[in-house]
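Engineer: let me see the structure of the following:
(one chain, ligands or ions: 1)
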Amino acid sequence: MSNPASISKTEGGSVTLRGISRSYGANQVVSDINLEARSGEILALLGPSGCGKTTTLRMIAGLVQPTAGDIAIDGRPITDLPVHRRNLGMLFQNYALFPHMTVLENVAFGLSMRGVEKAETAERAKRALALTHLTGFEDRMPSALSGGQQQRVALARAIVYRPKVLLLDEPFGALDKKLREAMQIELRQLCNELGLTTILVTHDQEEALVLADQIAVMRGGRIEQAASAREIYERPSSHFVADFIGTSNFISATILGKHDGKTTLKSASGQLFESLVATELGIGEKAVVAIRPESVRLSATGEATEAINARSGRVLRTVFKGQTLSVWLEMAGSEFVCALPIEAIGASPPQPGQIWTANWSAERTLIVREQ
Ligand SMILES: Nc1ncnc2c1ncn2[C@@H]1O[C@H](COP(=O)(O)OP(=O)(O)OP(=O)(O)O)[C@@H](O)[C@H]1O
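Structural biologist: Numbering: from 1, shown residues only. A predicted model of the protein is given here:
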């Protein structure tokens, strides 16, 4: 059945930020951001508190004016357009439903205010509620809904206008972990279904990894790295990014040589590392070797060795985590964490006090900038 009033899949708009900056007095809180959210993709702005994520989103929304740079949707400049002419759906952290209106009225309100005809308003609001799995809740009052259901009403309200771009600021911050995870999956499905371009602000790295096609990691008002979730995880460009996304063991080193795609590094204590992961850093430059806990294999050597890409240490503690066993080794005054798949543990797992040796392949030896 074709229904002209339904919310159908549209072509999401591409959003381009060129040289965007924002200052408050002498304080520059966003500096020269260049970024593109491609049509239909979910872009996460990720970073610690105060790094400028919300300010960037609010500039796209038209709620804050940039002090420099311009913003375009599908190549059309929107920097000077008022909020209501940007064709954006928004869901911010402190969303408020109208408490004296039913669910359906809450979703329909904006459409009726814009003069959309009554029957079409009801039809579109119902379709938005169906997409957010709220069919049957039309006549409920917000006070009779759970937190997750209220969140879905707010989402329905944001998509009922058929926007080309959806802006979300920490949309699931107030929900408990289970509900947040369920909503993340629903949001992903919804965005795919509608073909919406979505820009999401979050400080939660897991949320960014689950939801985003592209993650822009921000730090101090700048983009530190923007790439796919996988690339950010497997090829972090800096110490900051590697530390912010997932867990890593870090060892300071200097680049000793580069040959045939292999980079050799040396730590201050003289230990050698080899990496097959591409790096832009050159010979003689300072770097940090980063090793993910799940990249490590462990063997019970009983004595200390410092071979290439291997380090020994005394087991401090072990923690069973369902799929993996985390093992902390004490190495030269610092801790080194390994995550062993349960099936790889064997009959004699590491015990506190024993000496074990961690080793990892050159393919899993990441090299990141110090800063
Ligand atoms: N209206 C304003 N006037 C002055 N300073 C502001 C204003 N709005 C934001 N800032 C400052 O700009 C910086 C960036 O704020 P922003 O809200 O964009 O960060 P954020 O990354 O979204 O942080 P959070 O995760 O805590 O929300 C902060 O230092 C903040 O204090």
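Engineer: Thr301 touches Ala358, doesn't it?
Structural biologist: No. In terms of Cβ atoms under 8 Å, Thr301 does not count as a neighbour of Ala358; the distance is 10.0 Å. All C-beta atoms are positioned from the backbone trio N, CA, C, and that covers glycine.
Engineer: ok, those two, which is more surrounded?
Structural biologist: Ala358 (23 against 14; other Cβ atoms under 10 Å).
Engineer: buried ones in stretch 89-104, by neighbour count?
Structural biologist: Buried residues in stretch 89-104, counted by 16 or more other Cβ atoms under 10 Å: 89-92, 95, 97, 102-104.
Engineer: in strands, which of those appear?
Structural biologist: Counting by DSSP state E, the part of these found in strands is 89-91.
Engineer: let's have these in JSON lines, adding distance to Ala119 and pLDDT.
Structural biologist: Output for those, formatted as JSON lines (distance: Cβ to Cβ, whole Å; pLDDT from 0 to 100):
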{"residue": "Gly89", "distance to Ala119": "22", "pLDDT": "89"}
{"residue": "Met90", "distance to Ala119": "26", "pLDDT": "89"}
{"residue": "Leu91", "distance to Ala119": "26", "pLDDT": "87"}
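Engineer: residue ranges with poor pLDDT in the chain?
Structural biologist: 1-10, 94, 302-304 (pLDDT under 70).
Engineer: which positions in it make contact with the ligand?
Structural biologist: Within reach of the ligand by Cβ under 6 Å from any ligand atom, the chain has these residues: 24, 29, 47, 49-55, 203.
Engineer: so which of those residues is the closest to Arg311?
Structural biologist: Nearest to Arg311 among these is Gly47, at 31.0 Å by Cβ to Cβ.
Engineer: could you flag which of the residues of the chain next to the ligand are buried?
Structural biologist: Among those, those classed as buried by 16+ other Cβ under 10 Å are 29, 47, 51-55, 203.
Engineer: possible to save these as JSON lines with secondary structure?
Structural biologist: What follows is these, written out as JSON lines (DSSP: H, G, I helix; E, B strand; the rest coil):
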{"residue": "Val29", "secondary structure": "strand"}
{"residue": "Gly47", "secondary structure": "coil"}
{"residue": "Cys51", "secondary structure": "coil"}
{"residue": "Gly52", "secondary structure": "coil"}
{"residue": "Lys53", "secondary structure": "helix"}
{"residue": "Thr54", "secondary structure": "helix"}
{"residue": "Thr55", "secondary structure": "helix"}
{"residue": "His203", "secondary structure": "coil"}
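Engineer: for Ser39, state which of those is nearest.
Structural biologist: Nearest to Ser39 out of those is Lys53 (Cβ to Cβ; 21.9 Å).
Engineer: doesn't Val217 make contact with the closest one?
Structural biologist: No. Using Cβ under 8 Å, Lys53 is not in contact with Val217; the gap is 10.2 Å.
Engineer: identify the contacts common to the two.
Structural biologist: 46-47 (Cβ atoms under 8 Å, 6 or more residues apart in numbering).
Engineer: quick check: bridge partners of His254?
Structural biologist: For residue 254 the amino acid is Thr, not His. Lys266, Lys286 (DSSP bridges).
Engineer: quick one: Ser248 from Val327, how far?
Structural biologist: 15 Å (Cβ to Cβ, to the nearest Å).
Engineer: what do you get for Thr54?
Structural biologist: 39 Å.
Engineer: go on, Ile245?
Structural biologist: Taking Cβ to Cβ, one finds Ile245 at 22 Å from Val327.
Engineer: of those two, who's got more company?
Structural biologist: For Ile245 versus Val327, neighbours defined as other Cβ under 10 Å are more numerous around Val327 (26 against 20).
Engineer: from Asp176, how far off is that one?
Structural biologist: Distance, Val327 to Asp176, using Cβ to Cβ: 30 Å.
Engineer: can you check Leu209 too?
Structural biologist: Applying Cβ to Cβ to Leu209 and Asp176 gives a distance of 19 Å.
Engineer: so for those two, which sits in the more crowded spot?
Structural biologist: Ranked by neighbour count (other Cβ under 10 Å), Leu209 and Asp176 place Leu209 first, with 17 against 10.
Engineer: ok, the nearest residue to the more buried one once chain neighbours are set aside - contacts?
Structural biologist: Nearest non-adjacent residue to Leu209, counting by Cβ to Cβ, 6 or more residues apart in numbering: Ala229, 4.9 Å away. Counting by Cβ under 8 Å, 6+ apart, Ala229 touches 208-209, 212-213, 215.
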